[in-house]
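Undergrad: Just a sequence and a predicted model for now, questions to come.
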Amino acid sequence: MGGVIVGLIAIGIGILLIYLRKQNQGKLLDIKFVKTSTAQELQEMCAAIKESMSQSGGFKQQSEVKGLVKCDKPLHGELSKKLCVFYEMNVEERYEETYYETDQQGNRHRKTRTGTTSVASNSQRIPFYVQDATGKILVNPEGADLEGTQVVSKYEQNFSAGRVSFGGFSLSVSAGSGDRRVLGYQFTEKILEVDRNVYVLGDAADTSGSLQMQMPDEKGKPYIITYKSEEQLTCDTESSINMMMYGAIACFIIGACAIVYGLMAK
């Protein structure tokens, strides 16, 4: 019976991988076939629609833009202090603790293990502009699959004064209590930095009253903001699609074999 359950779980994972693969295939088509537009082209198309309708709010088109990240009042990364329009930070506590296990003879054995737990995390994103050679267009990052770059990855053990600090972050800490001992803290942060080239794929629309790149209304359509070039993003997505197919095939084979074995073992 156990083999049948394992087989069904494996087949279920395979079905999930097929579903995710289909989503990524749709994303790949959008990346490949949506034409790159300049800020000026989008502004002109939006103005033409507005003039024909005698009102704003009628322009919406799936578009991709490329250019430099610009922002008048950028954020500061909480750990890195770098100027950015998005950051995501996390602080993990690494610890060592003593625990006991009882064997089949009833004897207790003292053991030690290590682990981590998140003690602080924060993420912020704000609107910004993508500037190309023809002008700039506003980007509303809400709802986007936003991929930043890691600028902080540091392990800190110096917290003897009861406080650990990094950049603009500070936390009161202790050396642990009872069977748990704190070893140190891992700091990580990803950001989308200003004045860096960025690729944005989403909807160009003036539904908010002014033209901006925003999350598509159509379900399943991608909204991507990344440092990666279009070519690199295409290559990575194709690789994911292939890996999901191989994984799904493996799950189906393992699942079928486990079910047959489970039925024969009855």
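TA: Yep, that arrived. Numbers count the residues shown, from 1 in each chain.
Undergrad: the bottom helix or strand of the chain by mean pLDDT?
TA: strand 163-166 (a mean of 76; mean pLDDT, DSSP states H and E).
Undergrad: Just the buried residues of it, please?
TA: Residues of strand 163-166 classed as buried by neighbour count (16 or more other CB atoms under 10 Å): 164, 166. (C-beta placed from N, C-alpha, C; glycine too.)
Undergrad: Now do that strand: everything it contacts.
TA: Here strand 163-166 makes contact (CB atoms under 8 Å, 6 or more residues apart in numbering) with 79, 91, 152, 154, 156, 158, 170-173, 185, 187.
Undergrad: Residue 66 sits in which helix or strand?
TA: Using DSSP states H and E, residue 66 sits within strand 60-70.
Undergrad: Please point out which parts of that strand sit buried.
TA: So, applying 16+ other CB under 10 Å, buried residues of strand 60-70: 60, 62-67, 69-70.
Undergrad: Identify the residue spatially nearest to residue 133, adjacent ones excluded.
TA: What sits nearest to residue 133 in space, not counting adjacent residues and going by CB to CB, 6 or more residues apart in numbering, is residue 38, at 7.3 Å.
Undergrad: need the contact list for that neighbour.
TA: Taking CB under 8 Å, 6+ apart as the test, what residue 38 contacts is 65, 132-135.
Undergrad: how about a cut-off of 10 Å?
TA: Each residue near residue 38 by CB atoms under 10 Å, 6 or more residues apart in numbering is listed here: 44, 65-67, 132-135, 137.
Undergrad: Ok, residue 121 next?
TA: Contacts of residue 121 (CB under 10 Å, 6+ apart): 88-92, 188.
Undergrad: so which two of those are the farthest from each other?
TA: 88 and 92 (13.6 Å; CB to CB).
Undergrad: what's the overlap in contacts for the two?
TA: 121, 188.
Undergrad: Buried residues, the strand or helix carrying residue 153. List them.
TA: Assessed by DSSP H and E, residue 153 sits inside strand 149-156. Within strand 149-156, the residues scored as buried using 16+ other CB under 10 Å are 151-152.
Undergrad: May I have the strands that pair with it, each with its orientation?
TA: Take DSSP bridges as the rule and strand 149-156 pairs in its sheet with strand 180-193 (antiparallel).
Undergrad: how much does the strand it pairs with deviate in direction from strand 60-70?
TA: Here the directions of strand 180-193 and strand 60-70 differ by 110 degrees (axes from the mean of the first three to the mean of the last three CA atoms, to 10 degrees).
Undergrad: What is the longest strand of this structure by residue count?
TA: Using DSSP state E, we find that the single longest strand of the chain is strand 83-102.
Undergrad: returning to what we had before: just the C-alpha atoms of whichever helix or strand comes after the least confident helix or strand of the chain, please, in PDB.
TA: As assigned by DSSP H and E, the chain's next helix or strand after strand 163-166 is strand 169-172. These are the backbone C-alpha positions of strand 169-172, laid out as PDB (Å, rounded to 0.1, in the frame of the first residue of the first chain):
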ATOM      1  CA  PHE A 169      20.100  47.500  10.700                       C
ATOM      2  CA  SER A 170      20.600  46.800  14.400                       C
ATOM      3  CA  LEU A 171      19.300  44.000  16.600                       C
ATOM      4  CA  SER A 172      19.500  43.200  20.300                       C
END
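Undergrad: tell me which residues of strand 169-172 are tucked away?
TA: residue 169.
Undergrad: what residues does that strand touch?
TA: Against strand 169-172 from outside (CB under 10 Å, 6+ apart): 77-79, 89, 91, 93, 119-120, 122, 152, 159, 161-165, 185, 187, 189.
Undergrad: switch to 7 Å and redo it
TA: Identification of contacts with strand 169-172 by CB atoms under 7 Å, 6 or more residues apart in numbering yields 78-79, 91, 119-120, 162-164.
Undergrad: thinking again about what came up before, most surrounded residue in the contacts of residue 121?
TA: Neighbour count (other CB atoms under 10 Å) singles out residue 89 as the most crowded of those, with 24 neighbours.
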